[in-house]
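# build me a structure from this.
(chains A and B)
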Amino acid sequence: MSQHQTSTRRLARRVSWETILALLLLFAVVGGTFLNKDFLTAENWSNLLANFVEIALMALPLSLIVITNEIDLSVASMLGLSSSLLGLLWEYKLAMPLAIAICLAVGALCGALNGFLIVRFRLPSLAVTIGTLALFRGFAYIILGDKAIADFPPEYTGFGIGVIPQTFIPMPFVLFIVLALIFWVGLHHTTVGRSLYAVGGNQTAARFSGVNISRLKMLLFIASGVISALAGIVFTFRFSSSRADNGTGFELSAIAAVFLGGVTVQGGKGTVTGVVLSLLLIGVINNVLTLADVASEILRIVTGSLLIISILLPNLIASTRERWRLMQRQREIAKLGAASVTK
Amino acid sequence: MTKELKSTADGHGWMNALVRSREGSLVLLIAVLTVLTTALNPRFISPQSLKDLMLNVSIIALLVLGQTVIILMRQIDLSISSIVGITAFLSGTLFINRPEIPSVAVVLIAVLAGLLLGAVNAALIAWGKIPALITTLGTLYIFRGANYAWVHGRQVNAVNVPGSFLAIGTSTFAGIPLLTWIVLVLLVVFSIGLRQYRVGREFYAIGSNPTAAVLAGINVSRRLATGFIISGAIAGLAGALWLARFGTVDATAGEGIELTVITSTVVGGVAITGGVGTVVGSVLGALLLSVFSSTLVFLRVPSFWQQSFQGAMLLLAIAGDAYLAYRHALRLRVKWSHV
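Down below sits the predicted model:
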């Protein structure tokens, strides 16, 4: 094998999905700057960063769940339930910190229900969370009906729309960054985090190497519930609105971001960096298109296409590489055959 | 131990069979619900409310046929609602642009359009090797986005649609709406196809054990493609019938029904892990959900309760299935314990 060939192969291996995402992100930012003079302003960036906070929050635990080869489609419904509950409790004149605590606890309970059904009864997470998607959204409608509650105290809505003084960074975004750091450390630098990959890669092998799969999955689904509830609280304060249909359909955007971030459905692969990059990429593309007055329906098409291309492209590359390797081997065999004949 | 089991089985043979087969227990549940609701409100079985019930369930039941084929293969098709949206508006536009076009042609074009959209899914899944969940989530977005861009705030109204076409959604034959007849005929076709034809058995084989299916010489990629094309074509037909049933269509037609369809299929006994279930069961699942929601309406339960009941029903169905499978495994262990 020649020196040249090994070096290209090494290069190909080093160009990770994260690098590609970072390049795409850079490309989108440069493109946005050229296309629109309003793009690189502080005001626009604080809008851009604030706009995807809820979906970004939900995507964090969701990516860990997908790494272990499960899925949680109920995240947006837990967001809606928490938002509705917050409104209801506030209307009942409960102190806001207590109301927030209750919402987070209810989120934990919802997540625990998902986890219980999936872990204890060994039910497929896809079916369970399609069920709880309807169940939790239904609860939101039961407690709030078609009412809308909007009179939240300014010190809390201030958090929702505020920025860190003297910067363009929105407060909720800081929350996301802190959580993303915690997830990054947890996934990549702790034993528990590493064992998630083991579970996603080969469940049986993980069990025999002493990983408590049930407890791990239970924890992940509870985390998903709590953070979705948190996203619901952020949503409520950001828009100063509590309605039963808040965040309907957000689960699809969160899942799209997770898959685009390089987490595979077969489990066992993916990084927090990749997911954060894909969230930023989707945020920037949406922002650039919105600034260019492209209608919101085109945004849907772009998100859907990104999702499909993000899997199709690596698949195609892998299959061409495989074909190329086969051809190379056949050529070598032919050469060997020719050599032996001349001998 | 074994003796005991045997005697109970002998005593209530037909009862056991009824409860143990999914179709039987669904029919039983639907009957119980109907009787209870009628006892509380006799108008529940008035001809008008029965007709409404049949019309309400028809389009969902139609989509359930395609979804059953997909879920049998351990796949999922989320994009059907968007295909329904596009083809419903397409049918309306055809009537607006060419008022003299025959209804049959419109239905055929809608089916063909659905088939082509299904073929996009099929190509990505079978040859692009993208998991169905991701592909159809992507095309759910793309098709709906394209639909919004195309419709652009317009609307098709009942005035634009000829009466003969709307009659599919309103007129009846032998007391049953035409729309429901269409679904019944297709139900028979699908039932026979899945039970007695090679293609149908291959769908089951792929879902039970994909590796074994490959080893048995089944062309899995091609069967996957067949399934998604069928699901697309069915969604196209459902789109045309959506127009016939409702008369008005805007860009939001069909949004969110994919979840109701999947719920019906799973409640109807098609395992989400593939290989188990029948179309009759899943159509009964759709009927059960529909009867249940009209029961809630007749009992004056606020409509806000509907959604959580639907979710709870799905959870109960899969938990019940898991329990029965567990019991079955236990029984097998007892039976073979002497070995």
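# where does the stretch 51-200 of chain B dip in pLDDT?
Applying pLDDT under 70 to the stretch 51-200 of chain B flags no residue at all.
# so which residues of it form helices?
Using DSSP state H, counting those that start in this stretch, the helices assigned to the stretch 51-200 of chain B run over residues B:80-97, B:103-122, B:132-151, B:163-170, B:178-196, B:198-208.
# show me what contacts the closest residue to chain A within chain B?
Closest residue of chain B to chain A, Cβ to the nearest Cβ: residue B:308 (2.5 Å). Quick note: C-beta positions are derived from backbone N, CA and C, even for glycine. Applying Cβ atoms under 8 Å, 6 or more residues apart in numbering or on different chains to residue B:308 gives the contacts A:134, A:135, A:136, A:137, A:138, A:139, A:141, A:142.
# please, which helix or strand holds the fifth one?
Assigned by DSSP states H and E, residue A:138 belongs to helix A:125-144.
# what is the subsequent helix or strand relative to that helix?
According to DSSP H and E, the helix or strand after helix A:125-144 is strand A:148-149.
# now the helix or strand that that next one is followed by: mean pLDDT?
Downstream of strand A:148-149, the next assigned helix or strand under DSSP H and E is helix A:154-161. What helix A:154-161 shows for mean pLDDT is 84.
# by contact count, what packs against helix A:154-161?
helix A:171-189, helix A:213-239 (3 or more Cβ pairs under 8 Å, 6 or more residues apart in numbering or on different chains; DSSP states H and E).
# let me have the ones you listed in TSV, extended by mean pLDDT.
Shown next, in TSV, are the helices and strands packed on helix A:154-161 (pLDDT from 0 to 100):
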stretch	mean pLDDT
helix A:171-189	92
helix A:213-239	95
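# just to revisit the earlier point, could you find the closest non-adjacent residue to the residue of chain B closest to chain A?
With Cβ to Cβ, 6 or more residues apart in numbering or on different chains as the criterion, residue B:308 has its nearest non-adjacent residue at 2.5 Å, and that residue is residue A:138.
# enumerate the residues of the stretch 1-150 of chain B near chain A.
Within the stretch 1-150 of chain B, the residues that sit near chain A (Cβ under 8 Å from any Cβ of the partner chain) are B:76, B:124, B:128-131, B:133-135, B:137-142, B:144-149.
# rank the contacts of residue B:308 by pLDDT and give me only the lowest.
residue A:134 (90).
# mind listing what it touches?
Here residue A:134 is in contact with A:77, B:259, B:263, B:307, B:308, B:310, B:311, B:314 (Cβ under 8 Å, 6+ apart).
# hmm, try it at 7 Å
B:259, B:307, B:308, B:310, B:311, B:314 (Cβ atoms under 7 Å, 6 or more residues apart in numbering or on different chains).
# what's the neighbour count on the nearest residue to it once chain neighbours are set aside?
What sits nearest to residue A:134 in space, not counting adjacent residues and going by Cβ to Cβ, 6+ apart, is residue B:311, at 3.1 Å. Other residues lying near residue B:311 total 25 when counted by other Cβ atoms under 10 Å in any protein chain shown.
# for residue B:311, helix, strand, or coil?
Following DSSP: H, G, I helix; E, B strand; the rest coil, we place residue B:311 in the helix state.
# give me the pLDDT for it.
89.
# centroid residue for the chain?
Went with chain A since none was named. residue A:59 (2.5 Å; Cα atoms, centre = their mean).
# chain B was what I was after
Mean-position check on chain B, Cα atoms, centre = their mean. Result residue B:64 at 1.0 Å.
# list the contacts of that residue.
Per Cβ under 7 Å, 6+ apart, neighbours of residue B:64: B:261, B:264, B:265, B:282, B:283, B:286.
# just to revisit the earlier point, the residue nearest to residue A:134 and residue A:129 touch, don't they?
No - using Cβ atoms under 7 Å, residue B:311 is not in contact with residue A:129; the gap is 9.9 Å.
# let's have the helices and strands packed on helix A:154-161 in TSV, adding distance to chain B and mean neighbour count.
TSV is the format used below for these (distance: least, Cβ to the nearest Cβ, whole Å; neighbours: other Cβ atoms under 10 Å in any protein chain shown):
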stretch	distance to chain B	mean neighbour count
helix A:171-189	22	17
helix A:213-239	14	24
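# tabulate those (JSON lines), appending distance to residue B:107.
Conversion of the helices and strands packed on helix A:154-161 to JSON lines gives the following (distance: least, Cβ to Cβ, whole Å):
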{"stretch": "helix A:171-189", "distance to residue B:107": "49"}
{"stretch": "helix A:213-239", "distance to residue B:107": "43"}
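# for residue A:146, which non-adjacent residue is closest in space?
Nearest non-adjacent residue to residue A:146 (Cβ to Cβ, 6+ apart): residue A:244, at 7.2 Å.
# contacts only, for that neighbour.
By Cβ under 7 Å, 6+ apart, the neighbours of residue A:244 are A:80, A:84, A:140, A:141, A:144, A:145.
# most surrounded residue in those?
residue A:140 (31 neighbours).
# what's near enough to touch that one?
Contacts of residue A:140 by Cβ under 7 Å, 6+ apart are A:80, A:81, A:84, A:244.
# ditto for residue B:314
With Cβ under 7 Å, 6+ apart, residue B:314 has these contacts: A:127, A:130, A:131, A:134, B:263, B:266, B:267.
# pick the one among the contacts of residue A:134 closest to residue A:311.
Of all the contacts of residue A:134, residue B:259 has the smallest distance to residue A:311: 22.9 Å, by Cβ to Cβ.
# ok, back up a step: most widely separated two among the contacts of residue B:64?
The distance between the two most remote of the contacts of residue B:64 (Cβ to Cβ) is 11.2 Å, for B:261 and B:283.
# tell me where the chain has strands.
Assuming you mean chain A. Assigned strands in chain A, in chain order: A:148-149, A:242-243 (criterion: DSSP state E).
# um, chain B though
B:172-173, B:176-177.
# and of those strands, who's closest to residue B:111?
Going by Cβ to Cβ, the one of the strands of chain B nearest residue B:111 is strand B:176-177, 19.8 Å.
# show residues contacting that closest one.
Taking Cβ under 7 Å, 6+ apart as the rule, strand B:176-177 contacts B:51, B:54, B:55.
# do stretch A:297-316 as well
Counting by Cβ under 7 Å, 6+ apart, A:253, A:256, A:259-260, A:282, A:285-286, A:289, B:124, B:128-130, B:134-135, B:137-139, B:141-142, B:144-146, B:148-149 sit against stretch A:297-316.
# and what of stretch B:197-204?
B:69, B:72, B:73, B:193, B:194, B:218, B:223, B:226, B:227, B:275.
# near residue 35, how many other residues are there?
Picking chain A for this. 13.
# actually it's chain B I care about, not the one you picked
12.
# and it, what pLDDT?
On the pLDDT scale, residue B:35 gets 90.
# now the residue nearest to the centre of chain B: how far from residue B:269?
The gap separating residue B:64 from residue B:269 is 12 Å, by Cβ to Cβ, to the nearest Å.
# contacts only, for residue A:170.
A:46, A:49, A:50, A:163.
# now it: closest residue in space that isn't a chain neighbour?
residue A:50 is the one closest to residue A:170 (Cβ to Cβ, 6+ apart), at 4.0 Å.
# wait, that neighbour sits on residue A:169?
No - between residue A:50 and residue A:169 there is no contact under Cβ under 7 Å: 9.3 Å.
# higher neighbour count, these two?
residue A:50 (23 against 16).
# how about the contacts made by the more buried one?
Going by Cβ under 7 Å, 6+ apart, the list of residues near residue A:50 reads A:170, A:172, A:173, A:238.
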